[in-house]
Structures are given as structure tokens and as C-alpha cells.
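Engineer: Quick one, fold the following:
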Amino acid sequence: MATRALHFCLQHGCTCLVSTPYCEEHAPLHAKREDRRVRADLRGYDNDWRRLRDRYIRAHPLCVMCEAEGRVTIAEVVHHIKPIDKSGARMDVNNLMSTCRNCHEKLHGRKREENTWQP
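Structural biologist: Numbers count the residues shown, from 1 in each chain. Purely as a prediction, here's the structure:
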């Protein structure tokens with residue numbers, strides 16, 4: 001059986017010679033993270049939602065948050081204003097708004113800037 005050639009650990013600056021991508025010290029840092037989220041269809045994002053989303057984004061193609069700041073940005077995401085898990089209406093167009101990805105990330109607190117935008 002052939003053995004793999006040794007090479008340096010792929011972690012920048014590490015000088016360990018290994019036959020795997022990372023040494024024992026750095027392997028846990030690069031282990032694939034398990035996605036612990038429940039499947040999208042079980043969270044309410046089924047075919048009915050996708051059809052509504054497609055119709056909504058065609059009717060509202062620009063990010064409402066960017067528009068409020070005087071920018072024109074194509075919307076990529078339809079956001080529930082009141083989250084479904086907080087008893088927001090899943091299929092009510094009055095509970096939806098079109099946003100670009102950047103603004104959607106801000107709304108969910110995944111960007112550094114705090115969003116204070118209110119509809």
C-alpha cells in the first residue's frame with residue numbers, strides 16, 4: 001500500500017509535517033461544522049413559500065432599506081418583518097419586505113453594523 005507524501009500542515013505558519021491536510025493541533029479548527037438548523041421546508045419555507053417569494057420579489061425588485069438611504073440595490077431576499085417563530089404571518093404579503101443580502105444580514109445581526117431600520 002502506498003503512503004502519502006508528507007507536507008506541511010495547511011495552517012498558515014505551522015511547520016508540522018503531516019500526511020493529512022492539518023496537524024492534530026489544527027485539525028479541530030478546520031473540521032466541518034454540522035448544520036444544526038432544521039430543514040427549510042420544516043421551518044415553513046416550502047413550495048408555496050417559494051412561489052410567493054418569487055412573485056413578491058418580481059413585484060418589489062429593489063431593497064427597501066437601501067432605497068430608504070437613497071441607494072438603488074437589487075433585492076435578493078424576501079424578509080419576514082415579524083419572524084414566523086414570533087407568530088409572524090408566514091404567507092402574508094404585509095409581513096414581507098424585499099432586501100439585498102447585505103441588509104438582510106444586518107437585520108439578523110450577522111453584520112457589525114447595528115440596524116435600526118423600522119418599516
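Engineer: mind listing the helices for this protein?
Structural biologist: Secondary structure of the chain, counting by DSSP state H: helices at 47-59, 64-68, 101-107.
Engineer: Residue 88: neighbour count?
Structural biologist: Neighbours of residue 88 under the rule other CB atoms under 10 Å: 14. Every C-beta, even on glycine, is put in place using the N, C-alpha and C of the backbone.
Engineer: List the residues that contact it.
Structural biologist: Neighbour list for residue 88: 80-82, 95 [criterion: CB atoms under 8 Å, 6 or more residues apart in numbering].
Engineer: that older thread, out of the helices of the chain, flag the one nearest residue 16.
Structural biologist: Minimum separation from residue 16 across these (CB to CB) falls at helix 101-107, 36.0 Å.
Engineer: so how far is that closest one from its chain's centroid?
Structural biologist: 9 Å (CA atoms, centre = their mean, to the nearest Å).
Engineer: Then stretch 66-85?
Structural biologist: 14 Å.
Engineer: in it, what's buried?
Structural biologist: For stretch 66-85, burial by neighbour count (16 or more other CB atoms under 10 Å) applies to 66, 73, 75, 77-80.
Engineer: The helices of the chain: which one's closest to residue 41?
Structural biologist: helix 47-59 (8.2 Å).
Engineer: Would you mind putting the CA coordinates of that closest one into CSV?
Structural biologist: C-alpha atoms of helix 47-59 as CSV (Å, rounded to 0.1, in the frame of the first residue of the first chain):
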residue,chain,number,x,y,z
ASN,A,47,-43.0,25.2,-2.4
ASP,A,48,-45.9,27.6,-1.5
TRP,A,49,-43.4,29.9,0.1
ARG,A,50,-41.1,29.8,-2.8
ARG,A,51,-43.9,30.7,-5.2
LEU,A,52,-45.0,33.6,-3.0
ARG,A,53,-41.4,34.7,-2.7
ASP,A,54,-40.8,34.7,-6.4
ARG,A,55,-44.0,36.7,-7.1
TYR,A,56,-43.1,39.2,-4.3
ILE,A,57,-39.6,39.9,-5.4
ARG,A,58,-40.8,40.4,-9.0
ALA,A,59,-43.3,43.0,-7.8
